[in-house]
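> okay, here's the prediction I keep looking at, along with the sequence it came from:
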Amino acid sequence: MTTTHVKTQKTYDVRTHGCQMNVHDSERLAGLLETAGYVDLAGLPADRRPEVADIVVFNTCAVRENADNKLYGNLGQLRPAKLRNPDMQIAVGGCLAQKDRGQIVERAPWVDVVFGTHNIGSLPALLDRARHNKRAEVEIKESLEVFPSTLPTRRDSAYSGWVSISVGCNNTCTFCIVPSLRGKEQDRRPGQILAEIEALVAQGVIEVTLLGQNVNTYGVELGDRLAFGRLLRACGDIEGLERVRFTSPHPAAFTQDVILAMAETPNVMPSLHMPLQSGSDRVLKAMRRSYRSARFLRILDQVREHMPDAAITTDIIVGFPGETEADFQGTLEVVREARFASAFTFQYSIRPGTPAATMDGQVPKEVVQERFDRLIALQDEVGLAENRRLEGHEVQVLVAPSEGRKDAETHRMSGRARDNRLVHFAVPEGAQPPRPGDLATVGVTYGAPHHLVADSGLVDRGRYAVQRTRGGDAWAALQDLPNGSGKPAVSLGMPSIGVPAASAGSPCHASTP
């Protein structure tokens, strides 16, 4: 009698907290683990999916409130699984790992690996070492080993991709710990960036988002202060690339050449995330934000002069140390004048290791909460007014798999307009629905504070048109794959060695050897 041994696939689960940089880093962590032979837990059929993966990786954030408590709470929940299966491995990376280092293993001894923001490529080797040595491996580097884009990547989307153009930050904002965790700004060569975008487009991607801690200071390391505007224009020359976005810029370095590049490059979207943080010049100075409210509002005026339909979003911190009611009123006034489409609002919380943590005048929690509630109410009012202005207008929507929580219930589909507003739209009865990655043109019938509803397709002679795209083709091709994940295959990263040869035109057209 012959016995057949079925090899059980080892699984991984990457859990991400924080910003878009972390989301993209998690795609790289997934790529590294898949290259090492592991499979995504979420991609397995329900009847073959174990309760807990063989490897669980936390990609952490040190900026969000209660980041520490969230991490250690999650680690505590995994401890029983680790006790049941000692071969299971738990790894912690990201900004909180870079900050806390060996303290993580001291507080949670069942963690196997701790790695930082500068050495995510070391994860497979650290897991192997921890398994072999039967002890926790903690490895934190003080500077970047290789630019992360050289690493294998498992993208979450078939039609949309992140592209890092720089890492690190040269600013010294007193509330922010990121520069000490991500390091000084390092820029990629333009030819390398464009080569990566072209490779993504060849795989079916029709939308890219350029990433950097201060994305518009790109070029400072290259000695070219106009490099970011040139890069945007070069993206406009890439055939098949429908949409280009970027995040996040810094107001102090946002210049006219970038505004003109946005306005004059058709595939650069009319959306801008411009962090305000505070409308009080006194608070901005205490934050070491090197602009003032008048300068901030002038930027918005210039953007709207060249792109009247641009949607502008922002970040605002409430309750920074020393903030008075007069300071807060300054923030409310800027919000009224700026007419933000939406705002990410945060209550200030102390971050150990930042200058603001030891400042006098820490604002009582109840005062911060009351101001925060007033800010939310005002922004909802502003957002509603801005969205109501779009009623009766047509928008082009890049369809997403599930942007709306109630899509099934309301029989709508969802996606993002060119200006990045969230749109829920109806598909006429009998019409073929668009696929994720396709473009739908619909008419807005209702503007809510945080989204648009476009039910024009249900109205007689109402606008509803679908453009099938290569992005939709790429999404559809993944749906019937045997792994069931619906995600693209691992890409092996882009080269980073060698200086691109200069071309006769813009340096953004340089080629990577």
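Yes, it's here.
> surely residue 82 meets residue 108?
No. Counting by CB atoms under 8 Å, residue 82 stays clear of residue 108, with 9.7 Å between them. Quick note: C-beta positions are derived from backbone N, CA and C, even for glycine.
> gap between the helix or strand containing residue 73 and the chain center?
Using DSSP states H and E, residue 73 sits within helix 67-84. Centroid separation for helix 67-84 versus its chain: 25 Å, with CA atoms, centre = their mean, to the nearest Å.
> any buried residues in that helix, and which?
67-68, 70-72, 74-75, 78, 81-82 (16 or more other CB atoms under 10 Å).
> I'd like the next helix or strand past it.
Next along the chain after helix 67-84, taking DSSP H and E as the criterion, comes strand 89-94.
> show me what that next one is packed up against.
Judged by 3 or more CB pairs under 8 Å, 6 or more residues apart in numbering; DSSP states H and E, strand 89-94 is in contact with helix 20-35, strand 55-60, helix 67-84, strand 113-115, helix 123-133.
> what sits up against the lengthiest strand in the chain?
Counting residues, the longest strand found in the chain (DSSP state E) is strand 311-318. Here strand 311-318 makes contact (CB atoms under 8 Å, 6 or more residues apart in numbering) with 175, 248, 270-278, 287, 300, 303, 328, 331, 335, 338-348, 368, 371-372, 375, 386, 419-421.
> tell me which of those residues fall in strands.
Under the assignment DSSP E, the contacts of strand 311-318 contribute 271-273, 342-347 to strands.
> sort out which of those are buried, if you could.
271-273, 342-343, 345-347.
> would a markdown table of the residues you listed with pLDDT and distance to residue 137 be doable?
Converted to a markdown table, those look like this (pLDDT from 0 to 100; distance: CB to CB, whole Å):
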| residue | pLDDT | distance to residue 137 |
| --- | --- | --- |
| 271 | 97 | 42 |
| 272 | 97 | 42 |
| 273 | 97 | 37 |
| 342 | 97 | 42 |
| 343 | 97 | 41 |
| 345 | 96 | 39 |
| 346 | 94 | 34 |
| 347 | 94 | 36 |
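> after the least confident helix or strand in the chain by mean pLDDT comes which helix or strand?
Within the chain, confidence by mean pLDDT, DSSP states H and E is lowest for helix 407-410 among all helices and strands, at a mean of 68. If you walk from helix 407-410 toward the C-terminus, the next helix or strand you reach (DSSP H and E) is strand 412-417.
> packing partners for that following strand?
Looks like strand 412-417 contacts strand 394-399, strand 422-426 (3+ CB pairs under 8 Å, 6+ apart).
> mean confidence for the longest one?
It refers to strand 394-399. In this model, strand 394-399 has an average pLDDT of 98.
> distance from the chain centre to stretch 52-69, please.
For stretch 52-69, the distance to the chain centre is 16 Å (CA atoms, centre = their mean).
> same check on stretch 108-117?
24 Å.
> rounded mean pLDDT for that stretch, please.
Averaged across stretch 108-117, pLDDT comes to 93.
> kindly report the same for stretch 21-36.
For stretch 21-36, the mean per-residue pLDDT is 90.
> then stretch 445-452?
Averaged across stretch 445-452, the pLDDT comes to 96.
> give me the residues contacting it.
Stretch 445-452 has contacts (CB under 8 Å, 6+ apart) with 342, 380-381, 383-384, 386-391, 395, 404, 417, 421-424, 444, 453-456, 459.
> which parts of that stretch are buried?
In stretch 445-452, counting by 16+ other CB under 10 Å, buried: 445, 447, 449, 451-452.
> could I have the CA atoms of that stretch written out in PDB?
The C-alpha trace of stretch 445-452 is given here as PDB (Å, rounded to 0.1, in the frame of the first residue of the first chain):
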ATOM      1  CA  THR A 445     -27.900  63.100  -8.100                       C
ATOM      2  CA  TYR A 446     -27.100  63.900  -4.400                       C
ATOM      3  CA  GLY A 447     -24.100  65.200  -2.500                       C
ATOM      4  CA  ALA A 448     -23.600  64.000   1.100                       C
ATOM      5  CA  PRO A 449     -20.900  65.300   3.500                       C
ATOM      6  CA  HIS A 450     -18.500  62.400   2.700                       C
ATOM      7  CA  HIS A 451     -19.600  61.000  -0.600                       C
ATOM      8  CA  LEU A 452     -21.600  61.500  -3.800                       C
END
